[in-house]
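Student: Sequence below, structure please.
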Amino acid sequence: QVQLVESGGGSVQAGGSLRLSCAASGRTFSSYVMGWFRQAPGREREFVAAIGWSSANSVIVNSVKDRFTIFRDNAKNTVYLQMNSLKPEDTSVYYCAATRATVVTGSLTYDYWGQGTQVTVSS
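Tutor: Numbers count the residues shown, from 1 in each chain. Presented below is the predicted three-dimensional model:
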């Protein structure tokens, strides 16, 4: 069982930055592929980024790849999403998720989810 707790959300103006954190419980964090998703009001949840256990492999959706970075610290059981040059369309609830996968893609099925953290970007 893995429990995930996101933090770091908030309200910023367009062009600003936020760093989301996702702290995971359990001693096997390093064996999980970690992902970030987001869901805007009235829209389906969408994949944002994922990173493998060693950080050697990661994938980020094209719409944010020039502005967002995913990284992890296995010693702290934490995965991060650094978001720069934020736009109003980035406004969403952001979720982290974990899965025991052997590859890192944008279409994995995740087993564990956090409760989400709200990001609001004003113009």
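Student: going forward, measure contacts between C-alpha atoms and count neighbours the same way
Tutor: Fine.
Student: any idea of the pLDDT on the residue lying closest to residue 122 once chain neighbours are set aside?
Tutor: Nearest non-adjacent residue to residue 122, counting by Cα to Cα, 6 or more residues apart in numbering: residue 13, 4.7 Å away. pLDDT recorded at residue 13 is 98.
Student: go on, residue 30?
Tutor: On the pLDDT scale, residue 30 is placed at 82.
Student: wait, is it part of a strand?
Tutor: No: with DSSP: H, G, I helix; E, B strand; the rest coil as the criterion, residue 30 is assigned helix and is not in a strand.
Student: Was I right to think it contacts residue 74?
Tutor: Yes: counting by Cα atoms under 8 Å, residue 74 is a contact partner of residue 30 at 5.5 Å.
Student: The two: who's more crowded?
Tutor: residue 30 (21 against 17; other Cα atoms under 10 Å).
Student: what do residue 30 and residue 74 both touch?
Tutor: residue 53 (Cα atoms under 8 Å, 6 or more residues apart in numbering).
Student: Just read off the phi/psi values of the residue nearest to residue 73 when sequence neighbours are not counted.
Tutor: The shortest distance from residue 73 to any non-neighbouring residue, by Cα to Cα, 6+ apart, is to residue 79 (6.3 Å). Backbone torsions of residue 79, given as degrees, to the nearest 10, read phi -120, psi 150.
Student: Look up the closest residue to the residue sitting nearest the centre point of the chain, ignoring the ones flanking it.
Tutor: In the chain, the C-alpha nearest the mean C-alpha coordinate belongs to residue 36, at 2.5 Å (Cα atoms, centre = their mean). Leaving aside its sequence neighbours, residue 36 sits nearest to residue 96 (Cα to Cα, 6+ apart; 4.4 Å).
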